[in-house]
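*Asks:* whatever this is, show me its structure:
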Amino acid sequence: MTSIVVVADDRHIEKALRKLVVLLQAAGAAIADGLVIRCIAGNLSIEAPMVPSGTMLIRMPEHCLVPVKAFKLALINDEIVISSAQRGLNETTVAITEAMFDVYNLSRKMAQHCSKSPWSLIASHLDLLSYVTPPYRDDFPFSARDLRSGDKAKVMLASFLHSRVFTHQPNEQTRPRSVLVPVTDFLNHHWTGAPYSHDRYRAVVMRRSAPVPGKGDECFASYGLHDAFDTWISYGFVDEDVPFARSLPTTVDLPRTGTLRLGFMTAETDEPAISARDLRTYVPPILSRKEKCLNVGTVWIPGTQAPRALRRALQLLIGELGAPRNRHRDLVIAAEEQIIDANLTYYAELKSLLKRLAVENEVHRAIRAGFVRLCDQQIARLRDYIGYAEY
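*Replies:* Reported below is the predicted structural model:
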């Protein structure tokens, strides 16, 4: 077995982490020699001072993954309790699951989540639902109806688990399922971090990310291509480093040309996974078309790393509407203005609503401050884009 270093400021957490590592290694998990699992003040992270970038960091075979829906879970006094498990589960899987939740409970992860997640504020101030609603996706674990019902425990547990699950599909014949990936789960997100992948045996593999300036030996995962709004809503932190923004769903009307409905997803439609590097040439998928109307997937407002990506994508979409080439430039500028204006309006109105809320709870005041900061940063990114985008 490889040598794993555990550093924790609480002996109970240290013991739980060591137990988890022993269970995983006995079950065939591969963890790079010298990897450091750190837990300070309840904050988990991974370091790998001796592992070169791009090499294997963690490999979790399928039976080491935690199938979330196979367990009936409850939230009691900020602790996650397993009330029952699906029949026929591998004993090793059950033991690893229990060890994972021990780590969460000892490090007070649920309490942290409730004190930082925007859903805690939204659940108490339903006026925000007019601006922030759970996405209409089969994999999202709660709905606006759950929020309006007042079942805060369900919302907070579901949002916590959603922030940590990975969609695993063993093969093409099986349905994707939501799993927790032990140890890999402790990697923090960075937009330049290493992506999750599978090997030919369908084990989940994480490679050592490239060093992030100012972060020492810490390793990072990419949870997906997320802007600051995504990371705030899904994970409860404002990503101040990410240089691009995801446009909100917007309808662009182009006189004598047609309509672009941008960012409108259907429950049955999955968009291709892309990386930050792909933004340079990324064109959102056309989901459907009817006469002079295109329903289009996610549109990205790029940073300085790809300043013309949005205009390039709009030009191609306008071409799909059959606009004459000599009108493309003017139509691109008109579409771009509508997209930027819609996004600026959204964040300005959301910020105004947040500042008007009568928030007396100290925890919720801190969450609101994070929400307002997010709005300010998104507005700044949008205004910066206006300044450097050149046709």
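*Asks:* so who does His190 touch?
*Replies:* 209, 212, 215, 220-222, 241 (CB atoms under 8 Å, 6 or more residues apart in numbering). Yep, even glycine has a C-beta here, placed from its N, CA and C like the rest.
*Asks:* between those residues, which is nearest Gly34?
*Replies:* Relative to Gly34, the closest of those is Ser209; by CB to CB it sits at 15.7 Å.
*Asks:* just the buried subset of the contacts of His190, please.
*Replies:* Under a neighbour-count criterion of 16 or more other CB atoms under 10 Å, the subset of these counted as buried comprises 209, 212, 220-222.
*Asks:* ok, the contacts of His190 vs Ile82, which is closest?
*Replies:* Each of the contacts of His190 was scored against Ile82 by CB to CB, and Ala221 proved nearest at 25.5 Å.
*Asks:* what's the burial count for the closest residue to that closest one other than its chain neighbours?
*Replies:* Beyond its immediate neighbours in the sequence, the residue positioned closest to Ala221 (CB to CB, 6 or more residues apart in numbering) is Leu187, lying 4.0 Å away. The local packing of Leu187 (other CB atoms under 10 Å) involves 24 other residues.
*Asks:* before we move on, what about Val359?
*Replies:* For Val359, the count of nearby residues is 18 (other CB under 10 Å).
*Asks:* wait, what's in contact with it?
*Replies:* The contact partners of Val359, by CB under 8 Å, 6+ apart, come to 121, 125, 365, 368.
*Asks:* can you rerun that using 10 Å?
*Replies:* Residues touching Val359, when contacts are defined by CB atoms under 10 Å, 6 or more residues apart in numbering, comprise 121, 124-125, 365-369.
*Asks:* what subset of those residues is buried?
*Replies:* A residue is treated as buried here by neighbour count (16+ other CB under 10 Å); on that basis the buried members of those are 121, 124-125, 367-368.
*Asks:* okay, and which of the residues you listed map to helices?
*Replies:* Those of the buried ones among the contacts of Val359 mapping onto helices are 121, 124, 367-368, per DSSP state H.
*Asks:* farthest pair in those residues?
*Replies:* Pairwise distances across these peak at 10.6 Å for Ser124 and Arg368 (criterion: CB to CB).
*Asks:* what count of nearby residues applies to the residue nearest to Phe142 when sequence neighbours are not counted?
*Replies:* When the adjacent residues along the chain are set aside, Phe142 lies closest to Ala158, with 4.4 Å between them (CB to CB, 6+ apart). For Ala158, the neighbour count with other CB under 10 Å is 20.
*Asks:* which residues touch Ala158?
*Replies:* Taking CB under 10 Å, 6+ apart, we find Ala158 in contact with 73, 75, 119, 134, 140-143, 146, 151.
*Asks:* and Val252, by the same measure?
*Replies:* 258-262, 294, 296, 299, 314, 317-318, 331, 334-339, 342.
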